[in-house]
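# Coordinates for the following, if possible.
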Amino acid sequence: MRRIIICGLVLLIGTCCATGCGGAGAGTEEALPPQAGREEAGGAGTEAGGAGVTGAEIGGAGTEAGEARSVGTEAGSAGAEIGGAGTEAGEAGSVGTEAGSVDAESGGADTEAGSAGGTGTKAGAAEFTGTEAGAPDRETNPGKEGTAASGTPSNPGAGKPVALSVAGTQLVDEEGDPVQLRGISTHGLAWYPQYINEACFRQIKEEWGMDVVRLAVYTAESGGYCTDGNQDALKALVREGVEYATDCGLYVIIDWHILSDGNPNAYLEEAEAFFREMSAEYADYDNVIYEICNEPNGATSWAEIKSYAEQVIAAIREKDEDGIILVGTPNWSQQVDQAAADPITGYGNIMYTLHFYAATHKDSLRGAMVQAVADGLPVFVSEYGICDASGNGGIDAAQAAEWVRVMDDCGISYVAWNLSDKAETSAILRNGCGKDSGFAWEDLSDSGRWLLDMLGSEGNAGKQGNGAGAGGEGADSSPGSRDSNGTAGGTEEGSVGGSTKGGTGADGSPPAGDKGPAQMPGGTGGQPAPEIQSPDGLTVTARIVNSWEQEDGTYYQYEAAIANASDTASDVWEITLTFQDEIALQNGWNGNCQVQGTVLTISHMDYNGHIEAGGSVEGIGFILKISY
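Next comes the predicted model:
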């Protein structure tokens with residue numbers, strides 16, 4: 001059994017069910033949006049241009065709706081006009097959810113290229129809860145021959161990548177042997193083009209032992225392919241990335257990175273044209289993989305995604321008859337169960353993506369992944385991190401290890417987010433590193449160091465020096481950060497009941513200099529709690545984990561949990577929260593959320609309706625806006 005090991009950087013190791021990948025437990029953990037913001041319109045110090053596109057105008061107006069909803073502002077990178085105004089809305093939805101992060105720093109108003117200005121606020125230092133602890137024990141030293149442990153897929157070495165195909169649920173090589181790819185995703189090419197260079201890719205392959213790199217082409221953000229970005233410059237970066245990857249023996253994923261657009265059908269015609277062009281160029285390349293919709297989200301249904309995918313797949317198959325194609329799934333590529341129940345037919349070599357962030361997504365999502373594989377769905381984890389779903393917050397090494405273990409047991413490929421020096425926990429390079437290749441140990445963030453420890457890699461990034469990692473510095477909530485929606489005004493946790501829990505003090509108090517708990521909607525002082533109604537026997541707790549200001553109002557991010565204090569199991573649940581002011585729902589996860597006036601109703605998903613006596617469901621989350 002041969003496995004191509006491509007190390008992705010961050011979370012790893014999932015819990016394996018008793019029957020391996022043959023069956024999944026229901027789990028009771030969260031299925032939050034994977035990265036609520038990993039994007040950024042040219043962070044401070046980002047150098048533009050990068051390999052062949054120096055001076056290209058990649059950006060435009062500079063408004064980027066990051067990976068889920070962050071709205072910090074950050075000016076473009078030096079050299080290329082990537083930014084513009086530089087506002088970016090973060091990804092997936094969690095906005096600086098790390099409790100106890102230090103006071104948000106307001107960025108300067110400066111919007112010159114290369115400055116990290118704008119109104120960008122930074123969520124303070126993300127606490128790292130275990131940099132190297134919990135890294136899975138591996139006898140395999142990626143990139144070095146003859147060191148694979150028994151039963152572990154071997155590394156293919158530095159030779160030319162072989163053609164891959166999908167057999168059942170497994171990615172396989174030309175001889176039908178299982179292949180597992182592990183690697184790293186770039187950040188948005190429009191903002192971090194400098195890492196597209198041969199020396200960087202060669203280090204990724206030969207020193208870090210990775211086998212795949214993902215090229216993220218944002219579609220609707222600042223500098224996005226379908227908005228104000230320079231399409232020719234972005235395609236030039238993709239082409240350079242493909243050639244460097246090919247020369248270095250890497251597989252390469254061309255990622256159509258939908259995010260703020262939510263529904264991939266918004267730019268269906270552009271996607272068809274883009275992939276028709278890419279597949280015509282790379283039909284004869286054995287190492288090119290097409291990812292046609294990064295993270296469908298919002299109210300986008302699987303039926304809508306499937307319709308889109310069938311049309312884009314048809315465009316690709318006009319030229320490339322057998323290239324591997326990755327299809328996103330609903331709710332930020334988490335609901336693989338829906339794809340398993342109604343897979344795409346009529347085409348081969350199709351896989352379905354699942355994204356996770358270890359500090360947010362736990363047993364429940366792992367169980368759903370394992371069950372989808374048991375049901376016959378080929379799953380590919382094309383993005384993950386070891387922090388929370390915002391791309392920030394503390395690292396959960398134990399959950400990361402569980403994810404890695406389960407993915408390894410199931411032979412699932414995984415690609416880490418992200419190759420940049422952005423000031424967020426998920427970036428593998430230390431903020432301000434300033435290099436675009438030749439990275440040493442001190443250039444790595446805590447996530448990057450964890451990753452290399454997990455991979456067993458050293459090379460030029462061997463453990464030399466004691467440089468601080470991203471988790472030890474301030475992780476920002478600037479545009480594009482997963483901690484989305486903008487200028488995270490406060491990252492403390494506040495209980496809905498009015499008592500504060502946030503902060504890093506031993507007694508739960510806010511850290512020195514903290515602004516105190518975020519204010520609950522509905523009042524101007526303190527935290528007036530919404531009225532909560534739930535079925536008999538069930539107890540609901542909720543808390544604010546973040547809040548931030550935007551021009552159109554104040555945003556609040558909540559987390560909720562339901563405990564069954566009765567003597568009997570509950571198979572369904574529905575709760576209502578009544579606020580003092582009218583609310584607008586911006587995002588929700590691990591529950592079906594509906595708003596009418598001042599009332600938010602949340603009912604169970606198909607995977608978390610059952611609560612055993614004495615058990616609980618956690619990780620229910622939502623983001624509300626109070627308009628001015």
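# and residue 572, how many neighbours?
10 (other C-beta atoms under 10 Å). Placement of C-beta: from N, CA and C, glycine included.
# unless I'm mixing things up, it is touching residue 608, no?
No. Between residue 572 and residue 608 there is no contact, the gap being 10.5 Å when judged by C-beta atoms under 8 Å.
# Count the residues that sit near residue 400.
Neighbours around residue 400, by other C-beta under 10 Å: 32.
# would you say it is within a helix?
Yes. Assessed with DSSP: H, G, I helix; E, B strand; the rest coil, residue 400 lies in a helix.
# which stretches of the protein form helices?
Counting by DSSP state H, the chain has helices at residues 198-202, 231-248, 268-282, 302-317, 330-333, 336-341, 363-374, 397-410, 446-455.
# With respect to residue 583, which of those helices lies nearest?
Closest to residue 583 of these, according to C-beta to C-beta: helix 330-333, at 20.8 Å.
# Which strands or helices does that closest one pack on?
With contacts taken as 3 or more C-beta pairs under 8 Å, 6 or more residues apart in numbering; DSSP states H and E, helix 330-333 sits against strand 350-357.
# Between helix 397-410 and the strand it packs on, find me the angle.
What separates the directions of strand 350-357 and helix 397-410 is an angle of 160 degrees, with axes from the mean of the first three to the mean of the last three C-alpha atoms, to 10 degrees.
# for strand 350-357, packing partners?
Counting contacts by 3+ C-beta pairs under 8 Å, 6+ apart, strand 350-357 is packed against strand 325-327, helix 330-333, helix 336-341, helix 363-374, strand 379-385.
# which ones are touching residue 278?
238, 254, 288, 290, 316 (C-beta atoms under 8 Å, 6 or more residues apart in numbering).
# Kindly recompute the last result at 6 Å.
Neighbouring residues of residue 278 by C-beta atoms under 6 Å, 6 or more residues apart in numbering: residue 254.
# what about residue 273, how many residues close to it?
The number of residues near residue 273, taken as other C-beta under 10 Å, comes to 13.
# I'd say residue 257 and residue 215 touch.
No. Between residue 257 and residue 215 there is no contact under C-beta atoms under 6 Å: 9.1 Å.
# Compare neighbour counts for the two and give me the winner.
residue 257 (30 against 23).
# so who does the more buried one touch?
Residues counted as contacts of residue 257 (C-beta under 6 Å, 6+ apart) are 216-218, 294.
# roughly how far apart are residue 606 and residue 255?
28 Å (C-beta to C-beta, to the nearest Å).
# And these two? Which one has more around it.
Each of residue 606 and residue 255 has its neighbours counted (other C-beta under 10 Å); residue 255 has more, 28 against 12.
# can you pull the pLDDT of the residue nearest to that one when sequence neighbours are not counted?
Leaving aside its chain neighbours, residue 255 sits nearest to residue 291 (4.4 Å; criterion: C-beta to C-beta, 6 or more residues apart in numbering). Reported pLDDT at residue 291 in the predicted model: 98.
# Just send the helices of the chain back as a markdown table, with mean pLDDT and distance to residue 172 too.
Formatted as a markdown table, those follow (pLDDT from 0 to 100; distance: least, C-beta to C-beta, whole Å):
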| stretch | mean pLDDT | distance to residue 172 |
| --- | --- | --- |
| helix 198-202 | 98 | 25 |
| helix 231-248 | 98 | 20 |
| helix 268-282 | 98 | 20 |
| helix 302-317 | 98 | 20 |
| helix 330-333 | 96 | 23 |
| helix 336-341 | 98 | 20 |
| helix 363-374 | 96 | 15 |
| helix 397-410 | 95 | 14 |
| helix 446-455 | 90 | 23 |
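# Could you dump the ones you listed into TSV and include distance to residue 559?
Formatted as TSV, the helices of the chain follow (distance: least, C-beta to C-beta, whole Å):
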stretch	distance to residue 559
helix 198-202	37
helix 231-248	36
helix 268-282	34
helix 302-317	26
helix 330-333	16
helix 336-341	23
helix 363-374	14
helix 397-410	16
helix 446-455	23
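# Need the winner for burial among those helices.
helix 330-333 (a mean of 29; mean count of other C-beta atoms under 10 Å).
# can I have it written out in CSV, keeping just the CAs?
Coordinates of the C-alpha atoms in helix 330-333 are reproduced here as CSV (Å, rounded to 0.1, in the frame of the first residue of the first chain):
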residue,chain,number,x,y,z
PRO,A,330,-22.8,22.9,1.9
ASN,A,331,-22.1,25.0,5.0
TRP,A,332,-18.5,25.9,4.3
SER,A,333,-17.7,22.4,3.0
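# so who does residue 272 touch?
Contacts of residue 272 (C-beta under 6 Å, 6+ apart): 312, 315.
# Hmm, I typed the wrong one, I wanted residue 276.
Contacts of residue 276 by C-beta under 6 Å, 6+ apart are residue 315.
# cool, residue 195 as well?
Contacts of residue 195 (C-beta under 6 Å, 6+ apart): 186, 419, 436.
# ok, now residue 359?
Residue 359 sits in contact with 387-388, 393, 396, where contact means C-beta under 6 Å, 6+ apart.
# repeat that for 7 Å
By C-beta atoms under 7 Å, 6 or more residues apart in numbering, residue 359 lies in contact with 387-388, 393-396, 399.
# related to what we said a few turns ago, just the contacts of residue 195: which are in strands?
186, 419 (DSSP state E).
# List just the nearest of the contacts of residue 195 to residue 231.
residue 186 (17.5 Å).
# The closest one: what's it in contact with?
192, 195, 214-216, 418-419.
# Quickly list what it is bridged to.
residue 419 (DSSP bridges).
# just residue 384 next, same as before
Residues in beta-bridge contact with residue 384 (DSSP bridges): residue 356, residue 416.
# Was I right to think it contacts residue 414?
Yes. Between residue 384 and residue 414 there is a contact at 5.8 Å, judged by C-beta atoms under 7 Å.
# so where's the stretch 451-600 of the chain uncertain?
Low-confidence segments of the stretch 451-600 of the chain, defined by pLDDT under 70: 457-529, 548-551.
# can you rerun that using 80?
455-529, 545-553, 555, 587, 589 (pLDDT under 80).
# Closest one to residue 591 out of the contacts of residue 257, please.
residue 294 (23.1 Å).
# Let me know the pLDDT of the closest one.
pLDDT recorded at residue 294 is 97.
# quick one on the thing from earlier: out of the helices and strands packed on strand 350-357, the one nearest residue 619 is which?
helix 363-374 (7.1 Å).
# Kindly export that closest one (C-alpha atoms) in PDB.
In PDB, the C-alpha atoms belonging to helix 363-374 read as follows (Å, rounded to 0.1, in the frame of the first residue of the first chain):
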ATOM      1  CA  ASP A 363     -16.300  14.700  17.200                       C
ATOM      2  CA  SER A 364     -19.500  15.600  15.400                       C
ATOM      3  CA  LEU A 365     -17.900  16.700  12.200                       C
ATOM      4  CA  ARG A 366     -15.300  13.900  12.300                       C
ATOM      5  CA  GLY A 367     -18.100  11.400  12.800                       C
ATOM      6  CA  ALA A 368     -19.900  12.900   9.800                       C
ATOM      7  CA  MET A 369     -16.800  12.600   7.700                       C
ATOM      8  CA  VAL A 370     -16.200   8.900   8.700                       C
ATOM      9  CA  GLN A 371     -19.800   8.100   8.000                       C
ATOM     10  CA  ALA A 372     -19.700   9.700   4.600                       C
ATOM     11  CA  VAL A 373     -16.700   7.500   3.700                       C
ATOM     12  CA  ALA A 374     -18.500   4.500   5.000                       C
END
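# buried set for stretch 541-559?
542-550, 554-559 (16 or more other C-beta atoms under 10 Å).
# Verify the stated contact: residue 416 with residue 184.
Yes. Using C-beta under 7 Å, residue 416 makes contact with residue 184 at a distance of 5.2 Å.
# So what's the residue count around the closest residue to residue 608 other than its chain neighbours?
Nearest residue to residue 608 in three dimensions, chain neighbours excluded: residue 617, at 4.9 Å (C-beta to C-beta, 6+ apart). Here the number of neighbours of residue 617 (other C-beta under 10 Å) works out to 28.
# Appreciated, that's everything.
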